[in-house]
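Peer 1: Predicted model and sequence follow; I will ask about them next.
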Amino acid sequence: MTVIGLDDTDSRDRGMCTTYVASRVADRVTAAGGHVDRVLLVRLNPAVEHKTRGNAALAVHCDLDPAAAERIAREELAAAETDDPRTNPGFVVAPGAPEEVPDRVAIFARDALREIHAIDDARNLADESGYRHGGRGNGRGTVGALAAVGAWAALDDWTYEHISYREPDRWGTERAVDYDSLFAAADRHYPDAWDTVDRVEGEAVCVPHTPCPILHGVRGDDPDAVRALASEVRSEPVHDARLFVTNQGTDAHLADGELGALEPARGWRVDGTVLGEPETREGGHVFVAFGEPDGPQLECAAFEPTKRFRDRVRALRPGDRLTVCGEVSDGTLKLEKFAVRELNTTEHVTPTCADCGRTMKSAGRNQGYRCRDCGTQSDGKVETTVERDLDLGWYEVPPCARRHVAKPLVRGGFDAPTHPER
């Protein structure tokens with residue numbers, strides 16, 4: 001067996017897509033007489049500042065001779081958008097079965113979802129492992145390529161994406177997709193295929209808006225379902241297509257953390273208490289203080305692109321116990337989902353008069369309350385039950401705002417009831 005890892009061939013502005021390059025590599029492996037077992041699409045740490053778009057690395061698992069695999073990888077890197085100075089492609093060719101990589105390579109891959117690796121560390125580890133590697137520019141793509149090589153041994157939760165590609169002469173033009181057929185197909189195959197559309201926002205999530213070669217990418221847990229859904233969408237001609245095995249929708253980027261010890265540029269899952277009333281700020285972003293009353297604290301934020309999820313955050317009250325998930329940056333956790341563990345359903349209010357039903361007035365500093373008409377008195381505020389717009393369990397951002405690697409609630413496996421967004 002041979003594993004060909006690839007990364008960083010695309011550009012935020014100029015297009016291209018590393019999945020397309022990997023698909024071409026797989027086609028050339030087959031044309032050279034090799035067999036392709038699978039092509040992995042591995043989403044790495046989404047908080048990496050220098051990522052191009054979705055921070056995806058690719059790995060082709062095949063039986064081609066390593067020397068021939070290296071030649072194909074080097075030649076196909078020529079498709080990279082290196083006119084963009086932020087694009088620095090790299091490849092790694094590893095002999096041996098993908099599940100039998102050295103432990104250090106598997107650890108490197110696992111850490112690449114939650115940390116930031118140096119380019120030289122990737123090169124040195126590739127050399128120590130006896131791997132062929134190379135790149136263009138500063139070769140930053142070597143990091144992702146090596147992580148893609150180790151991913152099969154490092155991770156154990158896999159989903160699928162069926163990607164359809166456009167005819168090359170259409171790249172950079174407006175996509176022709178019949179949205180009625182897309183939304184109908186998405187309904188037929190949900191929940192085996194998820195995050196295809198956002199039904200509330202009316203957005204075709206699977207159709208990109210960049211000048212890349214992708215026409216649409218359909219994700220889900222069932223490979224037959226994502227293939228079938230893609231085939232039922234009426235659109236411009238499909239030039240080529242491929243099924244990828246991927247860690248998308250798995251939450252593999254999240255680590256369990258503790259308040260006061262959350263390193264930035266990483267994804268965390270952490271427990272705490274709502275400490276203040278949610279605040280909507282300029283731009284429609286919603287912030288809420290979170291932490292422990294006598295301990296470490298931070299802000300949690302639901303930014304405007306998370307749309308209706310912000311209403312879930314606005315419904316929080318001080319005293320609610322939560323588990324929150326998201327990336328930490330500059331002392332703020334960018335919410336991807338949260339679980340309500342305990343709801344504060346009481347509050348202290350000014351008492352009402354039992355005789356006339358009117359709200360009492362303050363009788364003076366530290367003198368409680370009294371009804372001026374009836375003369376009734378109360379020593380202080382009284383506790384009352386508050387109706388809440390939230391239930392216990394997990395809430396998530398809608399499909400239109402979901403990160404590639406974030407796990408949709410509809411996939412299940414969560415430790416409390418779920419309230420999925422469609």
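Peer 2: Received the coordinates, thanks. Residues are numbered from 1 along each chain as shown.

Peer 1: Got the phi and psi for residue 322?
Peer 2: phi -130, psi 160 (degrees, to the nearest 10).

Peer 1: Can you tell me how far the residue nearest to it when sequence neighbours are not counted is from residue 278?
Peer 2: Closest residue to residue 322 apart from its sequence neighbours, by CB to CB, 6 or more residues apart in numbering: residue 338 at 5.1 Å. C-beta here means a position set from N, CA and C on the backbone, and glycine is covered the same way. Distance, residue 338 to residue 278, by CB to CB, to the nearest Å: 12 Å.

Peer 1: what sits in contact with each of the two?
Peer 2: residue 313 (CB atoms under 8 Å, 6 or more residues apart in numbering).

Peer 1: Those two: which is more packed in?
Peer 2: residue 338 (29 against 20; other CB atoms under 10 Å).

Peer 1: Can you give me every residue that contacts residue 315?
Peer 2: Residue 315 neighbours (CB under 8 Å, 6+ apart): 278, 388-390.

Peer 1: Check which residues of stretch 187-198 are buried.
Peer 2: 189-198 (16 or more other CB atoms under 10 Å).

Peer 1: and the helix or strand residue 124 falls within, average pLDDT?
Peer 2: Residue 124 belongs to helix 119-128 when elements are defined using DSSP states H and E. Mean pLDDT, helix 119-128: 96.

Peer 1: Mind listing residues that contact that helix?
Peer 2: Residues contacting helix 119-128 (CB under 8 Å, 6+ apart): 90, 92, 104-105, 108, 133, 138-140, 142-143, 145-146.

Peer 1: Tabulate the CA atom coordinates of stretch 360-376 in CSV.
Peer 2: The C-alpha coordinates for stretch 360-376 follow below in CSV (Å, rounded to 0.1, in the frame of the first residue of the first chain):
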residue,chain,number,x,y,z
MET,A,360,-46.2,46.9,46.3
LYS,A,361,-43.9,49.9,46.7
SER,A,362,-40.6,50.2,48.6
ALA,A,363,-41.2,51.1,52.2
GLY,A,364,-37.7,52.6,52.5
ARG,A,365,-34.2,51.5,52.6
ASN,A,366,-34.0,48.0,54.2
GLN,A,367,-37.7,48.3,55.2
GLY,A,368,-39.2,45.9,52.7
TYR,A,369,-42.4,46.7,50.7
ARG,A,370,-45.9,47.8,51.4
CYS,A,371,-49.2,48.5,49.7
ARG,A,372,-50.0,52.1,50.2
ASP,A,373,-53.7,51.5,49.6
CYS,A,374,-54.2,48.5,51.8
GLY,A,375,-51.4,48.8,54.3
THR,A,376,-50.2,45.2,53.7
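
Peer 1: Quick one: distance of that stretch to the chain centre.
Peer 2: Distance of stretch 360-376 from the chain centroid (CA atoms, centre = their mean, to the nearest Å) equals 55 Å.

Peer 1: And the contacts of that stretch?
Peer 2: Taking CB under 8 Å, 6+ apart as the rule, stretch 360-376 contacts 350-356, 358, 377-381.

Peer 1: in it, what's buried?
Peer 2: Buried residues in stretch 360-376 (16+ other CB under 10 Å): 360, 369-371, 376.

Peer 1: for the residues you listed, which one is nearest residue 264?
Peer 2: residue 369 (47.9 Å; CB to CB).

Peer 1: quick one: strands adjacent to whichever strand in the chain runs longest?
Peer 2: Across the chain, the longest stretch assigned as strand under DSSP state E is strand 332-342. Paired strands of strand 332-342, with direction, are strand 297-302 (parallel), strand 321-329 (antiparallel), strand 393-396 (antiparallel) (DSSP bridges).

Peer 1: Out of these, which is closest to residue 25?
Peer 2: Once the strands paired with strand 332-342 are compared by CB to CB, strand 321-329 is nearest, at 30.9 Å.

Peer 1: so where do the helices sit in this protein?
Peer 2: Secondary structure of the chain (DSSP state H): helices at 18-31, 66-76, 103-111, 119-128, 141-154, 179-189, 223-231, 309-314.

Peer 1: Report the mean confidence score over the shortest one.
Peer 2: Looking back up the chat, that one is helix 309-314. On average, helix 309-314 scores 98.

Peer 1: Flag every buried residue along it.
Peer 2: 309-310, 312-313.

Peer 1: Could you tell me how far residue 63 is located from residue 1?
Peer 2: Distance from residue 63 to residue 1, by CB to CB: 6 Å.

Peer 1: what do you get for residue 73?
Peer 2: 16 Å.

Peer 1: More neighbours: which of the two?
Peer 2: Each of residue 73 and residue 1 has its neighbours counted (other CB under 10 Å); residue 73 has more, 26 against 16.

Peer 1: just checking, the more buried one touches residue 6?
Peer 2: Yes. Taking contacts as CB atoms under 8 Å, residue 73 lies within contact range of residue 6: 6.7 Å.

Peer 1: Now list whatever residues contact both of these two.
Peer 2: Counting by CB under 8 Å, 6+ apart, the residues touching both residue 73 and residue 6 are 25, 91.

Peer 1: how is this protein carved up into domains?
Peer 2: 2-154, 159-246, 254-345+387-419, 346-385 (automatic domain parsing).

Peer 1: Straight-line length of the third one, end to end?
Peer 2: So the one you mean is domain 254-345+387-419. 20 Å (CA to CA, to the nearest Å).

Peer 1: ends of stretch 402-410, how far apart?
Peer 2: Note: stretch 402-410 ends 13 Å apart using CA to CA.

Peer 1: oh sorry, the question was meant for stretch 200-207
Peer 2: 16 Å.

Peer 1: mind listing what's buried in that stretch?
Peer 2: For stretch 200-207, by 16+ other CB under 10 Å, it's 203-207.

Peer 1: And for stretch 127-139?
Peer 2: 129, 131-137, 139.

Peer 1: Kindly format the C-alpha coordinates of that stretch as CSV.
Peer 2: Extracted C-alpha coordinates of stretch 127-139, given in CSV (Å, rounded to 0.1, in the frame of the first residue of the first chain):
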residue,chain,number,x,y,z
ASP,A,127,12.2,12.3,6.9
GLU,A,128,12.4,10.2,10.1
SER,A,129,9.5,8.1,8.9
GLY,A,130,11.1,7.4,5.5
TYR,A,131,8.5,9.3,3.5
ARG,A,132,9.0,11.2,0.2
HIS,A,133,7.8,14.8,0.3
GLY,A,134,8.0,18.1,-1.4
GLY,A,135,6.2,21.3,-2.1
ARG,A,136,6.2,24.8,-3.6
GLY,A,137,6.6,28.2,-2.0
ASN,A,138,7.3,27.7,1.7
GLY,A,139,5.8,24.2,1.6
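
Peer 1: now that stretch, how far from the chain's geometric center?
Peer 2: Per CA atoms, centre = their mean, the centroid offset for stretch 127-139 relative to its chain is 28 Å.

Peer 1: Brilliant, that's me finished.
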